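Participant: Can you look at this prediction? I've put the sequence above it.
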Amino acid sequence: MNKLSVIIITYNEQKRIGRLLEDLNNQVFKDFEVIIVDSNSEDDTLLVAAQYETCFNEFRVHKMEKRGVSLGRNVGANLAKYERILFLDADVRLHERFLSKAVNKLNKSKLEIAGVYMGASRLGLPTKLSYGMFNVGIYLTQFFFPTAIGACIFSTKRLHRELGGFNERIHLCEDCDYVNRASKTWRFRMLAMTFQFDPRRLKQDGTFKTGYLYIKANVRRFFIGEMYNNEIEYEFGHYHENN
């Protein structure tokens with residue numbers, strides 16, 4: 001499984017999609033296709049993405065009429081050519097050896113499903129502390145109630161098919177539900193590496209408010225179950241333009 005399908009979901013990401021595609025273009029590992037699944041963006045996301053088409057041997061864009069994180073990931077998985085899948089959000093940043101290291105770790109550990117920790121090397125101390133606390137949480141829970149960051153999840157087509165994909169009824173913690181269900185059949189682990197994640201959610205919604213939201217959501221998931229009816233409201237792509 002050395003070939004890789006990189007699936008990027010986008011919605012109004014004209015300021016960030018180019019940076020991620022530049023990072024992918026600079027990867028040491030080159031054996032991958034890029035699939036952008038756009039949730040009917042209202043800005044120039046697709047125009048920016050189109051500028052990078054010639055940088056990759058395999059590149060395609062799929063524009064959806066409907067919007068949704070889980071829907072976009074599922075559509076991308078159906079379009080993927082290769083068995084190994086990497087789900088990314090558009091505001092992710094990757095160092096040039098990210099893919100080569102990840103593929104080696106996945107093959108060595110024989111993992112079908114894996115998460116990656118958030119890095120904050122370029123960010124301020126408050127954000128580093130917030131990311132660090134979150135990373136500790138997902139490290140500990142991986143052994144009994146796996147959670148993961150949907151912005152960067154490795155999976156496979158066969159696992160994805162077996163699960164029925166991401167649950168499109170879930171709007172918050174759909175990524176955690178995905179890896180938790182997967183761990184019932186397949187071994188899930190966090191890879192000992194990081195990706196950079198845009199802190200705009202913390203800046204816009206507040207560090208404490210965001211942290212409390214996810215603690216509350218995952219405690220509820222653990223004791224009561226998944227949130228199929230938007231019990232804790234969360235809006236997809238709610239960022240302000242200036243963030």
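Facilitator: Okay, I see it.
Participant: Now the element after the helix or strand of the chain with the lowest mean pLDDT, going C-ward?
Facilitator: One helix or strand of the chain scores below all others by mean pLDDT, DSSP states H and E: helix 200-205, with a mean of 69. Downstream of helix 200-205, the next assigned helix or strand under DSSP states H and E is helix 207-223.
Participant: For that next one, name the packing helices and strands.
Facilitator: helix 125-141, helix 174-182, helix 200-205 (3 or more CB pairs under 8 Å, 6 or more residues apart in numbering; DSSP states H and E). (Each C-beta comes from the backbone N, C-alpha and C, glycine too.)
Participant: could you point out the longest strand in the chain?
Facilitator: strand 188-197 (DSSP state E).
Participant: can you map out the helices along the chain?
Facilitator: 17-25, 45-50, 69-79, 98-109, 125-141, 157-163, 174-182, 200-205, 207-223 (DSSP state H).
Participant: Contact partners for the residue nearest to the spatial centre of the chain?
Facilitator: Nearest residue to the geometric centre of the chain (CA atoms, centre = their mean): residue 151, 2.0 Å. Neighbouring residues of residue 151 by CB atoms under 8 Å, 6 or more residues apart in numbering: 88, 89, 91, 92, 195, 197.
Participant: got JSON lines for those, with neighbour count and pLDDT too?
Facilitator: Below are the contacts of residue 151 laid out as JSON lines (neighbours: other CB atoms under 10 Å; pLDDT from 0 to 100):
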{"residue": "88", "neighbour count": "24", "pLDDT": "98"}
{"residue": "89", "neighbour count": "24", "pLDDT": "96"}
{"residue": "91", "neighbour count": "21", "pLDDT": "93"}
{"residue": "92", "neighbour count": "22", "pLDDT": "95"}
{"residue": "195", "neighbour count": "21", "pLDDT": "95"}
{"residue": "197", "neighbour count": "24", "pLDDT": "83"}
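Participant: Make JSON lines out of the residues you listed and add distance to residue 126.
Facilitator: Formatted as JSON lines, those follow (distance: CB to CB, whole Å):
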{"residue": "88", "distance to residue 126": "25"}
{"residue": "89", "distance to residue 126": "22"}
{"residue": "91", "distance to residue 126": "19"}
{"residue": "92", "distance to residue 126": "21"}
{"residue": "195", "distance to residue 126": "20"}
{"residue": "197", "distance to residue 126": "15"}
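Participant: Closest one to residue 169 out of those, please.
Facilitator: residue 89 (20.1 Å; CB to CB).
Participant: Surely that closest one and residue 9 touch.
Facilitator: Yes - look at residue 89 against residue 9 with CB atoms under 8 Å: they come within range, at 6.4 Å.
Participant: mind checking the backbone torsions on residue 151?
Facilitator: Per-residue torsions, residue 151: phi -70, psi -20 (degrees, to the nearest 10).
Participant: Tally up the residues packed near residue 85, please.
Facilitator: Neighbour count for residue 85, taken as other CB atoms under 10 Å: 24.
Participant: Hmm, it is touching residue 152, no?
Facilitator: No - using CB under 8 Å, residue 85 makes no contact with residue 152, being 11.7 Å away.
Participant: do you know how far the closest residue to residue 173 other than its chain neighbours is from residue 137?
Facilitator: Excluding its sequence neighbours, the residue lying closest to residue 173 (CB to CB, 6 or more residues apart in numbering) is residue 217, at 5.2 Å. Look at residue 217 and residue 137: by CB to CB, to the nearest Å, they are 12 Å apart.
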